[in-house]
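Trainee: sequence unknown, structure follows:
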């Protein structure tokens, strides 16, 4: 029996690109759309709490966590039955959150409360609160678990939290209205997007010295509408993808030279983006056109847009 | 609310640091209380000031991380007070960055006083276009949108809707006539037509007396009898009669302008671009929703704070220079960065189109293009400006 499971898993892993499943939080619909990566169609819609935004898989990938801000909690979806089976405390108005590599703690940005809450998943309780700037937003964690990064929109700062002691290690001024912060796969760099400046800053994760500032220009779109939101970094450290908000583009960046290589035209007001497990595809949640764009990164082309719920906000791809 | 006030008081009374300490001035003026026309609205006596206080609290957080302390020095002009005296007090205290919650005449007197020469004044109340044209002053930036911007924003939306024939109804107050001027200019700029124009000549009735509606039901159809039009545009800044128009006009046409569909720099109804959080902080502080004067004062204080933090300076001259410079950007919860126009000191910003209970749209509207920033399709562009600093 275990052998059979292993065999099945192997078959699944060797399957064609797109055997994955995409989960999309629909902010105005209070649902999560489930997209079948093989057919690129919506396979199911799961009702959740109010104002779902941040979304992440559990360590064993059997559960999905969805921050439902207006209900001040994180809903837990069992992926086998596709139903909400419970919830976790989150602190007030959870928005983005990240699962620590230890698999048992969530770091949650409490947008209304100037706090990052640390949630113990098995014990279902808030372990600690870390006070950060006004309107905490982005959450990232280094793969080695040593640092957790957060942005605060109104304070315009990157906050660096020690993953073990939960001390606030550093506060770095970044461009106006920062959104997403991500740590590279090698733990060495922190990427931060600024929505209103439309820029991405890259810092050395250890010294917090700035390494690069990336700007974007979209032909025919005024600079005020070129805004940077979601960031995805590839595991090999070669590429970065940035969602450019109301300019309706996703930028592909050489993560070593920091050059913008190309722009993909996606749906309206692209918010968050997610790479497929094999990193051959990128999915984007487009808030104003209520669809998800599918980018085939090998072909360098947007291959499909899939209508989902109203105001798709975040997404995550499961193998 | 009380806790926050105490916190603010504590912040204000904290000993000034030798370095990295910035005092922001705030000057309001005594205004006669206005009883709102609708029973759903409350009389507000601290509009503007509460916005400035929230702006300070929001700024203080970044300042704390950066080692800069911000305080607010609050003053109010009473009837008969000398504006120059107020300017002198700020100057002698070393408070050179001042948010002015003043009407146009008081603002002009304040900014023109010799004592104000070295101040930088941020206008958070007066929408007068004259202050941005001939009466512009080198020591004034305008955070509150001008009437021209507001009228242009409304015109873009109405033209976008193809509601091109307007019936303009103008109230008796000076502000009503100035807003009507801006509406006529906007109609011309964006290809609409003022098909009919009438002055509101009735004495303001009182709909809230018993059976007050009976009089209005006969008066307003009489006024609004007119050839056909797409929309009635009302100019009633004093809030004397505009609220009575929707639902009572002779023809079944929507009402826009100062009432009905309102173009405004900010509205209690907006929740977009994270304004939910701004409102939540404001409600905790003030016990009510944020209005335009609150927003403009908040944005003015935030502008000073943002410039101080970005310029990494507590020197008022350096802060003022950064605010006017090309890198300045304020995150004002309206979806785009806001900055100051070099030619008249006006803050460029999106303008909300708000219904009585919900946000309807935001201008600039799609398709109104500009060689630089589309925000500059609203209000007075460089070539049209008659401001000479």
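Mentor: Nice, I can see it. All values derive from a computational prediction rather than experimental measurement.
Trainee: Do I have it right that residue B:126 meets residue B:104?
Mentor: Yes. Residue B:126 lies in contact with residue B:104 (CB atoms under 8 Å); the separation is 4.2 Å. (Glycine included, C-beta is placed from N, CA and C.)
Trainee: higher neighbour count, the two?
Mentor: Applying other CB atoms under 10 Å in any protein chain shown to residue B:126 and residue B:104 shows that residue B:126 carries more neighbours, namely 23 against 19.
Trainee: Can you identify each of the strands in the stretch 101-250 of chain B by residue range?
Mentor: Shown for the stretch 101-250 of chain B, the strands assigned by DSSP state E, counting those that start in this stretch span residues B:120-123, B:140-142, B:165-170, B:193-199, B:231-235.
Trainee: mind putting these in a markdown table, mean pLDDT included?
Mentor: As requested, the strands of the stretch 101-250 of chain B are exported to a markdown table (pLDDT from 0 to 100):
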| stretch | mean pLDDT |
| --- | --- |
| strand B:120-123 | 97 |
| strand B:140-142 | 98 |
| strand B:165-170 | 97 |
| strand B:193-199 | 95 |
| strand B:231-235 | 97 |
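Trainee: So, low pLDDT: which residues of chain B?
Mentor: Scanning chain B for pLDDT under 70 picks out B:1-19, B:204-212.
Trainee: Not counting residues beside it along the chain, what's closest to residue 249?
Mentor: This is for chain A. Closest residue in space to residue A:249, ignoring its immediate chain neighbours: residue A:263 at 4.4 Å, by CB to CB, 6 or more residues apart in numbering or on different chains.
Trainee: The intended chain is chain B.
Mentor: Leaving aside its sequence neighbours, residue B:249 sits nearest to residue B:224 (CB to CB, 6+ apart; 4.3 Å).
Trainee: number of nearby residues for that neighbour?
Mentor: Residue B:224 is flanked by 20 other residues according to other CB under 10 Å.
Trainee: can you pull the contacts of it?
Mentor: B:167, B:169, B:232, B:245, B:248, B:249, B:250, B:251 (CB atoms under 8 Å, 6 or more residues apart in numbering or on different chains).
Trainee: So how do I select the buried members of those residues in ChimeraX?
Mentor: Selection of the buried residues among those in ChimeraX, burial being defined by 16 or more other CB atoms under 10 Å in any protein chain shown:
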select /B:167,169,232,245,248,249
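Trainee: Between the contacts of residue B:224, which sits nearest residue B:144?
Mentor: Of all these, residue B:169 has the smallest distance to residue B:144: 24.1 Å, by CB to CB.
Trainee: So which residues on chain A come close to chain B?
Mentor: Listed as neighbours of chain B in chain A under the rule CB under 8 Å from any CB of the partner chain: A:93, A:111-112, A:114, A:133-135, A:152-157, A:171, A:173, A:176-177, A:195-197, A:222-225, A:246.
Trainee: so where do the strands sit in the stretch 151-300 of chain A?
Mentor: Secondary structure of the stretch 151-300 of chain A, counting by DSSP E, counting those that start in this stretch: strands at A:157-162, A:168-173, A:178-183, A:189-194, A:199-204, A:210-215, A:231-233, A:239-243, A:249-254, A:260-265, A:270-275, A:281-286, A:291-296.
Trainee: now the third one, how far from the chain's geometric center?
Mentor: Distance of strand A:178-183 from its chain centroid, counting by CA atoms, centre = their mean, to the nearest Å, is 9 Å.
Trainee: Repeat that for the first one.
Mentor: On the basis of CA atoms, centre = their mean, strand A:157-162 is displaced by 17 Å from the centre of the chain it belongs to.
Trainee: With the fourth one instead?
Mentor: From the chain centre to the centre of strand A:189-194 is a distance of 13 Å (CA atoms, centre = their mean).
Trainee: what residues does it touch?
Mentor: Residues from elsewhere that reach strand A:189-194, judged by CB under 8 Å, 6+ apart: A:138, A:140, A:149, A:151, A:156, A:158, A:160, A:174-184, A:199-205, A:208, A:211, A:228-231, A:233, A:240, A:242.
Trainee: List the strands paired with it, with their directions.
Mentor: For strand A:189-194, the pairing partners within the sheet under DSSP bridges are strand A:178-183 (antiparallel), strand A:199-204 (antiparallel).
Trainee: Which among the residues of chain A next to chain B count as buried?
Mentor: Neighbour-count burial (16+ other CB under 10 Å) is assigned, among the residues of chain A next to chain B, to A:93, A:111-112, A:114, A:133-135, A:152-157, A:171, A:176-177, A:195-197, A:222-225, A:246.
Trainee: do you know how far residue B:245 is from residue B:222?
Mentor: From residue B:245 across to residue B:222, the span is 13 Å (CB to CB, to the nearest Å).
Trainee: Also residue A:48?
Mentor: 55 Å.
Trainee: Check residue A:85 too.
Mentor: Taking CB to CB, one finds residue A:85 at 65 Å from residue B:222.
Trainee: same deal with residue A:235?
Mentor: Applying CB to CB, the value for residue A:235 to residue B:222 is 75 Å.
Trainee: Which one of these two is surrounded by more residues?
Mentor: residue A:235 (13 against 9).
Trainee: correct me, but the more buried one touches residue A:279?
Mentor: Yes. Using CB under 8 Å, residue A:235 makes contact with residue A:279 at a distance of 6.7 Å.
Trainee: Enumerate the residues of chain B near chain A.
Mentor: Proximity of chain B to chain A is confined to B:58, B:61-62, B:65-66, B:274, B:276-277, B:280-281, B:306, B:309-310, B:329-331, B:335-337, B:370, B:372-375 under the rule CB under 8 Å from any CB.
Trainee: Can you flag which of the residues you listed belong to helices?
Mentor: If you go by DSSP state H, the residues of chain B next to chain A have B:58, B:61, B:62, B:65, B:66, B:276, B:277, B:280, B:281, B:306, B:309, B:310 in helices.
Trainee: Now tabulate those in CSV and tack on neighbour count.
Mentor: Formatted as CSV, these follow (neighbours: other CB atoms under 10 Å in any protein chain shown):
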residue, neighbour count
B:58, 23
B:61, 21
B:62, 24
B:65, 20
B:66, 16
B:276, 17
B:277, 20
B:280, 16
B:281, 20
B:306, 24
B:309, 23
B:310, 19
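Trainee: Tell me the one of those residues nearest residue B:361?
Mentor: For these, the nearest to residue B:361 is residue B:276 (18.4 Å; CB to CB).
Trainee: what's near enough to touch the closest one?
Mentor: So residue B:276 contacts residue A:112 (CB under 8 Å, 6+ apart).
Trainee: what's the closest of the contacts of residue B:224 to residue B:52?
Mentor: For these, the closest approach to residue B:52 (CB to CB) belongs to residue B:245, at 33.3 Å.
Trainee: Isn't the closest one up against residue B:233?
Mentor: No. Using CB under 8 Å, residue B:245 is not in contact with residue B:233, being 10.4 Å away.
Trainee: hey, what's in contact with both of those two?
Mentor: Counting by CB under 8 Å, 6+ apart, the contacts common to residue B:245 and residue B:233 are B:169, B:255.
Trainee: Who does the host helix or strand of residue A:64 pair with, and is each partner parallel or antiparallel?
Mentor: Secondary structure here is read from DSSP states H and E; on that basis residue A:64 sits in strand A:63-68. The pairing partners recorded for strand A:63-68 under DSSP bridges are strand A:52-57 (antiparallel), strand A:73-78 (antiparallel).
Trainee: hmm, who's touching the first one?
Mentor: Applying CB under 8 Å, 6+ apart, the set of residues contacting strand A:52-57 from outside is A:23-27, A:30-32, A:63-69, A:75, A:94-99, A:106, A:108-109, A:139, A:313-316, A:318.
Trainee: All set now, cheers.
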